[in-house]
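Undergrad: generate coordinates for the sequence data below:
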Amino acid sequence: MIAAPKLEALGLRLRRQRLKRNESQAVFASRIGVSIPTLHKMESGDATVQVGHWMAALDILDRTEDIDALLSETDLFDLYEKQAGGARKRASRKVS
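TA: The predicted structure follows:
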């Protein structure tokens, strides 16, 4: 299951962004195409909210590039190998 503290922090940041834009829950919910209870769930960090609702909110907030960073095509193993200085090598076989 998704870590509750991370979702709660995400919801809090969403709420802060909404308030920074001086928008009520009713207005913001309407803009992203959800009900007020769904927006409340998002701002509370509820894990049952569909990712599409989050995408709509990010779009309204002009933050869709954040998803690109989250789901980047970077392979962590390739990145490690580049930082380690080359490809992994196999151990040589012992000859008895």
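
Undergrad: so what does residue 94 look like in phi/psi?
TA: In terms of degrees, to the nearest 10, the main-chain angles of residue 94 are phi -80, psi 140.

Undergrad: and it, how many neighbours?
TA: 5 (other C-beta atoms under 10 Å). Backbone N, C-alpha and C define where each C-beta goes, glycine included.

Undergrad: for residue 34, see how far away it is.
TA: 63 Å (C-beta to C-beta, to the nearest Å).

Undergrad: please apply the same query to residue 21.
TA: 16 Å.

Undergrad: so residue 53 makes contact with residue 42?
TA: Yes: using C-beta atoms under 8 Å, residue 53 is in contact with residue 42, at 6.4 Å.

Undergrad: joint contacts of those two?
TA: Residues touching both residue 53 and residue 42 comprise residue 34, with contact defined as C-beta atoms under 8 Å, 6 or more residues apart in numbering.

Undergrad: who has more neighbours out of the two?
TA: Each of residue 53 and residue 42 had its neighbours counted (other C-beta under 10 Å), and the higher figure belongs to residue 42 (24 against 17).

Undergrad: tabulate the CA atom coordinates of the helix or strand the more buried one falls within in CSV.
TA: Assigned by DSSP states H and E, residue 42 belongs to helix 36-44. This file holds the C-alpha atoms of helix 36-44, laid out as CSV (Å, rounded to 0.1, in the frame of the first residue of the first chain):
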residue,chain,number,x,y,z
ILE,A,36,-16.1,18.6,-3.7
PRO,A,37,-15.9,15.3,-1.7
THR,A,38,-13.4,13.9,-4.2
LEU,A,39,-11.3,17.1,-3.9
HIS,A,40,-11.5,16.8,-0.2
LYS,A,41,-10.2,13.2,-0.4
MET,A,42,-7.3,14.4,-2.6
GLU,A,43,-6.4,17.1,-0.2
SER,A,44,-6.6,14.6,2.6
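
Undergrad: name the element residue 63 belongs to?
TA: Per DSSP H and E, there is no helix or strand for residue 63.

Undergrad: so for it, what's the pLDDT?
TA: Looking at residue 63, its pLDDT stands at 88.

Undergrad: what's the answer for residue 88, then?
TA: The score at residue 88 is 57. That number is its pLDDT.
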